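Novice: turn this into a model:
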Amino acid sequence: MTEVKRRKRAPEVTPELMTAQQAADFCGMGRTTLFKLISEGLFPDGRQMPWGKRWHRDVLRQWLDAQWQAAEAPKDEKDEKSRDAA
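Specialist: Numbers count the residues shown, from 1 in each chain. Next up, the predicted model:
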């Protein structure tokens, strides 16, 4: 039996500057949602470059961290209210 040599997959690298599709994928949403959030002022607008609009990876990480913290805050407030009522 012959042995099959398999290629190693290259590790996925997140680019420092991302297109709208890459930024949406990075944040776990679709492009339409990304543009809707931008129009509502709820998502950082990208920077216009000569080759198109781009989002910086660090800005997206900061936005995701802020969303995560905001999602945790109401949980903490509910816990405090239930302790106060007891």
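Novice: tell me who's in contact with the most centrally placed residue in the chain.
Specialist: When Cα atoms, centre = their mean is applied to the chain, the residue found nearest the centroid is residue 27 (2.3 Å). In this structure, residue 27 makes contact with 34, 60, 63, 64, judged by Cβ atoms under 8 Å, 6 or more residues apart in numbering. The C-beta positions use only the backbone N, C-alpha and C, and glycine is treated the same way.
Novice: could I get the buried residue list for the strand or helix carrying residue 26?
Specialist: Of the helices and strands defined by DSSP states H and E, residue 26 is found in helix 20-27. When neighbours are counted by 16 or more other Cβ atoms under 10 Å, the buried residues of helix 20-27 are found to be 20, 22, 23, 24, 26, 27.
Novice: among the contacts of residue 27, the buried ones, what's the ChimeraX command?
Specialist: Only the buried entries of those go into this ChimeraX selection, using 16+ other Cβ under 10 Å:
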select :34,60,63
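Novice: in a markdown table: the contacts of residue 27, plus pLDDT, distance to residue 16 and secondary structure.
Specialist: What follows is these, written out as a markdown table (pLDDT from 0 to 100; distance: Cβ to Cβ, whole Å; DSSP: H, G, I helix; E, B strand; the rest coil):
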| residue | pLDDT | distance to residue 16 | secondary structure |
| --- | --- | --- | --- |
| 34 | 97 | 18 | helix |
| 60 | 97 | 11 | helix |
| 63 | 97 | 15 | helix |
| 64 | 96 | 16 | helix |
